[in-house]
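> based on what follows, work out the 3D shape:
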Amino acid sequence: MVRASGSYPECRGSNPCTATRKGFECSVSRLEDKVLDCVRKYSLLSPGDRILIAFSGGPDSVALTEIFLHFKEELLLEIALFHLNHGLRGGEAERDEKFCRDFAQARKLPIFVERRDVRALQREEKLSLEEAARKARYLALREGAQRWGASRVALGHTLDDQAETILMNLIRGTGLRGLSGMRMQSDIFIRPLLTSSKREILEFLQEKGVPFVEDSSNRDVSFFRNQIRLVLMPLLEELNPRFKEALLRLSLNLQEEMVLSEAGVDLPWEMEKEIARIPLDFLLFFSGEKRLSVLRDFLRRARGNLWDIGRVHLKAVDHLVEKKRGEMVLPGKFQVWVEEGWLYASPLYLPLAKTPRWEFSIALPGQNVLQEIGFSIEGDFGKEAKAKDGWCVTFDFDRSVPPFVVRNFREGDRIWKDGKAKKVKEIFAECGLAWEWRERVPFLCDQEKIIWIPGVVLDERVRVQENSKRILGVIVKKHKG
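Residues are numbered from 1 along each chain as shown. Okay, the predicted model is just below:
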């Protein structure tokens, strides 16, 4: 059965509101934002990734594709679809394959369609039908990703799927790995919908009027997973309506605990007079959950315990590491800060002296070395700015008013962001930059305005447009001399 707008079952308990974003109800944008937050939080994608989406034509893979298409330009993604016909459902499987081809053609997406004899694999390897289908699917996806040159394979597993998987493992008898469920990322496979429920996905598709197909085998209670979904899960949700979310928290907590022990990481940390430190380069070698686990171990050693330190605090420290700057205070008046390539942690309060105002004239295009503040700044026309160990930007030179200066923060500074002049101190606060550090950040300015705060924000009025003629690339680096 192919479902489209108007043919969905009623979604009870939904509360759509009138605020819109790009023409869709806010219930739609909530799911889009939720998936984008998941992608960023767990570092699932990088700009320029080639994403192969495992596409069955069901609601999960259809919603995932629609969301990735929505953010395709923002995330600089290349997208293709992969459909596997398992050869198990006769005419229904043929219908699904045709739907997938038509869906891809309508959206001008490349699609790869393969067929595998799952029953033959089941007999040869003496597997259950579910296990054989899963093995054939992952093998075909890996081969398809290799042929197309995909950097990631996106799977449509949802919050519901995660809860079902954990319960299946529990009933069969499992250890911590089984209770931890599916990972957000496993090798090349990513699961951006893992924090989103089936109900949210169906509401999303209903609001957008996007059709999808239904697999009749999902209602066959002879399959173990369907018994969990259709029989056991409703009973458990009577006891706790947010039982699926509770299982998701369990899985994430267990994954966090397991990552560091699996990695066997020997922390290169140092401690002197109650001040602990660890190299930023070492921390930046890790990403996502693994880096959070390394930070957790470092803070436990530096502080002696982790009382009152939760995931939200670890994420805040991780933000300092990612930005390579900043300072914060953890519960128990325990300070954490970044300085000269190290992450420091100490129970001591270390005040920073007020930095005097400074300002330097620079030539752009051209090369400038500002030894007084330890930075070099260079700019050139006609080439993209790239820097491995610095900060870079391109802007419309004709929308600026030379000559340029580099200076530090002034009270009342504003920069054009989100369609209006916004206070720089508010932007710094959003970034988690401690007040004492704000006067140490260089601002690139012309004669009228702040053009760019490296690593933070570019004034929207000088962004490169389609009709921009002279584009200036600028690189800022730390200078040692």
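> just say helix, strand or coil for the residue lying closest to L370 once chain neighbours are set aside.
Nearest non-adjacent residue to L370, counting by CB to CB, 6 or more residues apart in numbering: F360, 5.3 Å away. C-beta here means a position set from N, CA and C on the backbone, and glycine is covered the same way. With DSSP: H, G, I helix; E, B strand; the rest coil as the basis, F360 sits in strand.
> next: A421.
strand.
> look up how far R291 lies from it.
Going from A421 to R291 by CB to CB, to the nearest Å gives 36 Å.
> next one: I51
Distance from I51 to R291, by CB to CB: 23 Å.
> tell me who's in contact with the residue nearest to G181 when sequence neighbours are not counted.
Distance criterion CB to CB, 6+ apart; nearest residue to G181, sequence neighbours excluded, is S251 at 3.9 Å. By CB atoms under 8 Å, 6 or more residues apart in numbering, the contact set of S251 is 162, 166, 179-182.
> before we move on, which element is S251 in?
helix 243-263 (DSSP states H and E).
> for the helix or strand following that helix, what is the distance to the chain centroid?
Heading C-terminal from helix 243-263, the first helix or strand you meet, by DSSP H and E, is strand 270-272. How far strand 270-272 lies from its chain's middle: 33 Å, per CA atoms, centre = their mean, to the nearest Å.
> can you list the neighbours in contact with the next helix or strand after strand 270-272?
Sequence-wise, the next helix or strand downstream of strand 270-272 (DSSP H and E) is strand 275-279. Applying CB under 8 Å, 6+ apart, the set of residues contacting strand 275-279 from outside is 267-271, 298, 301-302, 341-346, 348.
> filter the residues you listed to the buried ones?
269, 298, 302, 342-346 (16 or more other CB atoms under 10 Å).
> just the closest of those to E124, please.
Closest approach to E124 among the buried ones among the contacts of strand 275-279 (CB to CB): F298, at 48.8 Å.
> quick one on the thing from earlier: more crowded one of A421 and R291?
R291 (21 against 12; other CB atoms under 10 Å).
> and that one, how far from K425?
Counting by CB to CB, the gap from R291 to K425 is 29 Å.
> and which of the contacts of strand 275-279 is nearest to V213?
The closest of those, once distances to V213 are taken by CB to CB, is F298, at 48.7 Å.
> measure the nearest residue to that closest one once chain neighbours are set aside to L343 for me?
Once flanking residues are discounted, F298 sits nearest to I278: 5.3 Å by CB to CB, 6+ apart. According to CB to CB, I278 and L343 sit 5 Å apart.
> joint contacts of those two?
F298.
> hmm, who's touching the host helix or strand of L84?
According to DSSP H and E, L84 maps onto strand 78-85. Outside of strand 78-85, the residues that reach it under the criterion CB under 8 Å, 6+ apart are 48-57, 65, 68-69, 72, 93-94, 96-97, 100-101, 103-104, 109-116, 136-137, 140-141, 144-145, 148, 150, 153.
> give the buried subset of those residues as a ChimeraX selection command.
A single ChimeraX command is used to select the members of the contacts of strand 78-85 judged buried by 16+ other CB under 10 Å:
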select :49,51,52,53,54,55,56,57,65,68,93,96,97,100,103,104,109,111,112,113,116,136,137,140,141,144,145,150,153
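> mind checking which of the contacts of strand 78-85 are in helices?
65, 68-69, 72, 93-94, 96-97, 100-101, 103-104, 136-137, 140-141, 144-145, 148 (DSSP state H).
> show me the contacts for E94.
By CB under 8 Å, 6+ apart, E94 lies in contact with N85.
> how about the helices of the stretch 201-350 of the chain, start to end?
224-227, 233-239, 243-263, 280-284, 288-303, 311-323 (DSSP state H, counting those that start in this stretch).
> format those as CSV; extra columns: mean pLDDT and distance to L129.
Shown next, in CSV, are those (pLDDT from 0 to 100; distance: least, CB to CB, whole Å):
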stretch, mean pLDDT, distance to L129
helix 224-227, 86, 11
helix 233-239, 90, 22
helix 243-263, 77, 26
helix 280-284, 89, 45
helix 288-303, 84, 33
helix 311-323, 90, 39
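> so which of the ones you listed is the most packed in?
helix 288-303 (a mean of 20; mean count of other CB atoms under 10 Å).
> contacts for that one?
42-43, 184-185, 252, 255-257, 259-260, 263, 265, 267, 269, 271, 276, 278, 283-284, 286, 306, 309, 311, 314-315, 317-318, 321, 330, 332, 334, 336, 343, 345-347.
> most centrally placed residue in the chain?
The centre of the chain sits closest to R40, judged by CA atoms, centre = their mean, with a distance of 1.7 Å.
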